[in-house]
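Novice: build me a structure from this.
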Amino acid sequence: MERITDRLLSSASILEEKTEAQARLTSTMPFIHPHVALMPDAHLGLGATVGSVIPTLGAVMPAAVGVDIGCGMIAVRTGFSREQVERRKAKRPLSELRVAIERAIPLSAGARNRRVAETAEPRVAELRARAKAAGFDPADYGKDWALQLGTLGSGNHFIEVSVDETDAVWLFLHSGSRGIGNRIATHHIRVAQRRMEAQEVQLPDRELAYLSEGTPEFDRYIAELQWAQHFALLNREEMMDRLVRETSRWMGEDVTELERINCHHNFTQKESHFGEEVWLSRKGAISARAGQPGLIPGSMGTASYVVEGLGNELALHSSPHGAGRMFSRSSAQKQFTRQQLRQAMSGIEFRDTEAFLDEIPAAYKDIDQVMADAADLVRVRHVLRQLVNVKGD
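Specialist: Next up, the predicted model:
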């Protein structure tokens, strides 16, 4: 890793000037220990850099976790092969599978289920019990929160059917804590900002407002944050169960699950680093302890990776969470054309719409370069290529 300052290290070979400046600001916060670590996919974020790992002593900055608390990936390696899929395609086109997935899993911002599905009922019950034990009611943040369990969202969230280098079929998806997580995060960011104003704390950026350990506000944030992280994990499990079901129906036989991996990339937890117990906030980064399985998606139309952590201490046992944006969404909509999107998605079954221009692979960093930069952070186990892509607009 390159040492930019004593308190900022980076593994990114592509690092924009504004991104570095933002990370420098974060690294000046007095409770950072020992340094902020930038991942290869680092890019400009709100308050704190996306693709940054931030260890703090006695304080947490809610904006450094982000508003999509617990966002992450889940993947299942199935017993199916590419050859079996190709044989099935002769009878039923992949478009039928895509449409079935789109019907089974509500997509796009604000989407919700009409009712709590049977598979979701025990998960909702678990979340209600956890909230009660934590001393809060999630309905205070959104009365229909339970109806969003098992929904995808929009932006870079996706559902994919892919094959690896051995022609094994994988089911793969990316999502987080939906509206309830966003509202929890937004509330606590504002609480932190009001505390800074009341205490007349001067910050290099208002979005770096923090909550101090030992205060009621800190305890409330951590309790609700941990609940939202678990919501995100169960949300992915619920969607994966539906994806497994629809794939089984399309294939005409049950999916055999050989492996299931579920990991966050926007979260905070207590960890030990460089002799101290810290709150480690990963904003766009996955945990990559030695031997730990992880998932690093590319953009739509490019490869994704199943990895194993190498436990790099300078990187705070972390690795990138994806490709990282090169163009903002508004810039990408102006820069690229629908024909370019079609070319990028050649050979992949997807919903052909201009709504996805801001997700075109060219709007992101080269995932191959990101993975080359991550060679000291993770070992690649499998490289996945999409057969089907599902997104919300």
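Novice: quick one: residue 221 from residue 62, how far?
Specialist: Distance, residue 221 to residue 62, by C-beta to C-beta, to the nearest Å: 6 Å. In short, each C-beta sits where N, CA and C put it, glycine included.
Novice: where do the contact lists of these two overlap?
Specialist: Jointly contacting residue 221 and residue 62 under the rule C-beta atoms under 8 Å, 6 or more residues apart in numbering are 188, 191, 192, 211.
Novice: OK, contacts around the second one?
Specialist: Yep, that's residue 191 we're talking about. 62, 211, 217, 221.
Novice: next one: the nearest residue to residue 112 once chain neighbours are set aside from residue 153, what distance?
Specialist: Leaving aside its chain neighbours, residue 112 sits nearest to residue 147 (4.0 Å; criterion: C-beta to C-beta, 6 or more residues apart in numbering). For residue 147, the distance to residue 153 (C-beta to C-beta) stands at 14 Å.
Novice: worst-scoring helix or strand of the protein, pLDDT-wise?
Specialist: In the chain, no helix or strand scores lower on mean pLDDT, DSSP states H and E than helix 329-335, which sits at a mean of 92.
Novice: which SS class is the residue lying closest to residue 117 once chain neighbours are set aside?
Specialist: In space, and not counting its chain neighbours, residue 117 is closest to residue 150: 6.2 Å by C-beta to C-beta, 6+ apart. The three-state assignment at residue 150 reads coil, by DSSP: H, G, I helix; E, B strand; the rest coil.
Novice: would you quantify the distance from the closest residue to residue 145 other than its chain neighbours to residue 282?
Specialist: Once flanking residues are discounted, residue 145 sits nearest to residue 180: 4.2 Å by C-beta to C-beta, 6+ apart. According to C-beta to C-beta, residue 180 stands 20 Å off from residue 282.
Novice: the more surrounded of these two?
Specialist: residue 282 (31 against 25; other C-beta atoms under 10 Å).
Novice: residue closest to the middle of this structure?
Specialist: residue 72 (3.1 Å; C-alpha atoms, centre = their mean).
Novice: who's more crowded, residue 221 and residue 62?
Specialist: residue 62 (29 against 23).
Novice: isn't that one up against residue 193?
Specialist: No: taking contacts as C-beta atoms under 8 Å, residue 62 lies outside contact range of residue 193: 9.2 Å.
Novice: quick one on the thing from earlier: and the pLDDT for the residue nearest to residue 117?
Specialist: pLDDT, residue 150: 97.
Novice: please apply the same query to residue 48.
Specialist: pLDDT recorded at residue 48 is 89.
Novice: wait, it touches residue 283, no?
Specialist: Yes: taking contacts as C-beta under 8 Å, residue 48 lies within contact range of residue 283: 5.4 Å.
Novice: so what sits against both of these two?
Specialist: With C-beta under 8 Å, 6+ apart, residue 48 and residue 283 have common neighbours 54, 64, 66.
Novice: can you name the element that comes right after whichever strand or helix holds residue 132?
Specialist: Taking DSSP states H and E as the definition, one finds residue 132 inside helix 121-134. Using DSSP H and E, the helix or strand that follows helix 121-134 in sequence is strand 158-163.
Novice: helices and strands around that following strand, which ones?
Specialist: helix 82-89, helix 94-104, strand 168-175, helix 216-251, strand 378-391 (3 or more C-beta pairs under 8 Å, 6 or more residues apart in numbering; DSSP states H and E).
Novice: burial of the nearest residue to residue 70 once chain neighbours are set aside, as a residue count?
Specialist: Distances taken as C-beta to C-beta, 6+ apart place residue 232 nearest to residue 70, at 2.8 Å, with adjacent residues excluded. By the criterion of other C-beta under 10 Å, residue 232 has 26 neighbours.
Novice: repeat that for the one 5 residues further on.
Specialist: When counting by other C-beta under 10 Å, one arrives at 17 neighbours for residue 237.
Novice: contacting residues around the residue nearest to residue 22 when sequence neighbours are not counted?
Specialist: Once flanking residues are discounted, residue 22 sits nearest to residue 49: 5.1 Å by C-beta to C-beta, 6+ apart. Counting by C-beta under 8 Å, 6+ apart, residue 49 makes contact with 19, 22, 23, 26, 38, 42, 43, 283, 284.
Novice: returning to what we had before: other residues contacting the helix holding residue 132?
Specialist: Residues contacting helix 121-134 (C-beta under 8 Å, 6+ apart): 116, 137-138, 146, 149, 223-224, 226-227, 230-231, 234, 237-238.
Novice: for those residues, which one is nearest residue 312?
Specialist: Nearest to residue 312 out of the contacts of helix 121-134 is residue 226 (C-beta to C-beta; 25.8 Å).
Novice: so for stretch 13-20, mean pLDDT?
Specialist: Rounded mean pLDDT across stretch 13-20 is 94.
Novice: what does stretch 257-276 give?
Specialist: 97.
Novice: how about it: buried residues?
Specialist: 261, 262, 263, 264, 265, 266, 267, 268, 271, 273 (16 or more other C-beta atoms under 10 Å).
Novice: for stretch 219-226, same thing?
Specialist: Along stretch 219-226, these residues count as buried under the neighbour rule (16+ other C-beta under 10 Å): 220, 221, 222, 223, 224, 225, 226.
Novice: test my guess that the first one contacts residue 136.
Specialist: Yes: using C-beta under 8 Å, residue 220 is in contact with residue 136, at 7.4 Å.
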